[in-house]
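Undergrad: next comes the sequence, and after it the predicted model I'd like to discuss.
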Amino acid sequence: MRSFSIGTHSGLFLVLASLGLAARLVQVTSGWDNPTSLDFFIYVPDKLASKPPAIIVPHPCGGSAQDTFSRVANGLPAQADKLGFILIFPQTPNTCWDCSTTRSLKHNGGGDTQGIVNMINYSLERYGGDPSKVFVAGSSSGGMVTNALVAAYPDVFAAGASFSGAPAYACWNGADLVSAANMDPGCQTNKKPTVQEWADLARSAYPAFNGTRPAMQVWHGTTDNVVAYSYLADQLAQWSNVLGVSFSRNITDDPASAYTKMVYGDGTRLVGYSAQGVGHIIPFHDREVLQFFGLL
């Protein structure tokens, strides 16, 4: 078992835990490989499930682990308390996640994506987690790195959920966007890849992988003026080819009025949600995410 350290208030946290009081978000400061100097925050409920699942929740551009924990994905901690899964909130010292360099766009490339995977490995070992039930759900830049994580580490993730994100690869390969205030990489004005090219780019992140690819859930608002709404269709095109599923039907007013659910195949491998009149960032729907992940 690796040694580890939890934040500056670890003693208080351990006392509270021993008294059976509420869990809280704490920082892990050592015991894991950290190639890009990320910060690692974790929420471990007082009552863990046997072999608990783990969900990684990367923040938007300019966000933080604490803000994502308390506001962006604020339904997840209560669900973790109820169901006993672990939540990991990574934090980058840059404004946005690295979704553009070879380091992050390749399996074990040494970028942000590998740092996040190292957090996962630490957490699974420390808390006896289930490696077959690891998931990622992020918004905006967090949604973009969700796509990159699922492409580069299909051996780690069972499923991902991208909110207000963009497809993995091609839009901004090689661009320096980790400090950009606006993460829209300009696919709307440049020539886009074909569906086959989208899929081949995602597969190129880990070309040796021949197992089952992670399932994907994609959300976007029609009036998003930060990350283009058309990226919803691009993500669905990319993953439909990678996963080998075709569009089957739309379901209106699901999960709420003005939402349209786009089902691919039987809906277990790929679904999209278009939110009419919703901007950036689309609200986080924890129940639908957890149902798709098979945790509810």
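TA: Sure thing, it's come through. Just so we're clear, the structure is a prediction, and the values are computed from it rather than from any experiment.

Undergrad: helix, strand or coil for residue 90?
TA: Reducing the assignment to helix, strand or coil with DSSP: H, G, I helix; E, B strand; the rest coil, the entry for residue 90 is strand.

Undergrad: contacts only, for it.
TA: Counting by CB atoms under 8 Å, 6 or more residues apart in numbering, residue 90 touches 38, 39, 40, 41, 56, 58, 59, 65, 112, 115, 116, 119. From N, CA and C alone the C-beta is placed, and that goes for glycine too.

Undergrad: show me what contacts the last one?
TA: Under the criterion of CB under 8 Å, 6+ apart, the contact list for residue 119 reads 28, 32, 38, 40, 42, 56, 88, 90.

Undergrad: that one belongs to a helix?
TA: Yes. Following the definition three-state DSSP, residue 119 is counted among the residues of a helix.

Undergrad: looking at the contacts of residue 90, which is nearest residue 212?
TA: Each of the contacts of residue 90 was scored against residue 212 by CB to CB, and residue 56 proved nearest at 19.0 Å.

Undergrad: in stretch 51-59, what counts as buried?
TA: Under the neighbour-count criterion of 16 or more other CB atoms under 10 Å, stretch 51-59 has 52, 53, 54, 55, 56, 57, 58, 59 buried.

Undergrad: export the residues you listed to JSON lines and tack on secondary structure?
TA: What follows is the buried residues of stretch 51-59, written out as JSON lines (three-state DSSP):
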{"residue": "52", "secondary structure": "coil"}
{"residue": "53", "secondary structure": "coil"}
{"residue": "54", "secondary structure": "strand"}
{"residue": "55", "secondary structure": "strand"}
{"residue": "56", "secondary structure": "strand"}
{"residue": "57", "secondary structure": "coil"}
{"residue": "58", "secondary structure": "coil"}
{"residue": "59", "secondary structure": "coil"}
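
Undergrad: so can I have a markdown table of the residues you listed showing distance to residue 130 and pLDDT?
TA: Conversion of the buried residues of stretch 51-59 to a markdown table gives the following (distance: CB to CB, whole Å; pLDDT from 0 to 100):
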| residue | distance to residue 130 | pLDDT |
| --- | --- | --- |
| 52 | 7 | 98 |
| 53 | 6 | 98 |
| 54 | 8 | 98 |
| 55 | 12 | 98 |
| 56 | 14 | 98 |
| 57 | 18 | 98 |
| 58 | 21 | 97 |
| 59 | 25 | 96 |
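
Undergrad: now, the most widely separated pair of those residues?
TA: 52 and 59 (22.1 Å).

Undergrad: from the contacts of residue 119, which shows the smallest pLDDT?
TA: Taking pLDDT as the measure, those have their low point at residue 32 (93).

Undergrad: state the distance from residue 273 to residue 24.
TA: Relative to residue 24, residue 273 is positioned 31 Å away (criterion: CB to CB, to the nearest Å).

Undergrad: wait, residue 152 touches residue 106, no?
TA: Yes. Between residue 152 and residue 106 a contact is recorded at 6.3 Å, counting by CB atoms under 8 Å.

Undergrad: who has more neighbours out of those two?
TA: Counted by other CB atoms under 10 Å, residue 152 and residue 106 do not tie: residue 152 has more neighbours, with 28 against 19.

Undergrad: just flag the most distant two among the contacts of residue 90.
TA: When CB to CB is used, the two most widely separated members of those are 41 and 112, lying 15.0 Å apart.

Undergrad: pull the number of nearby residues for the nearest residue to residue 209 once chain neighbours are set aside.
TA: Nearest in space to residue 209, with sequence neighbours left out and distances taken as CB to CB, 6 or more residues apart in numbering, is residue 154 at 5.2 Å. The burial metric for residue 154, expressed as a neighbour count using other CB under 10 Å, is 21.

Undergrad: same thing with residue 27?
TA: By the criterion of other CB under 10 Å, residue 27 has 18 neighbours.
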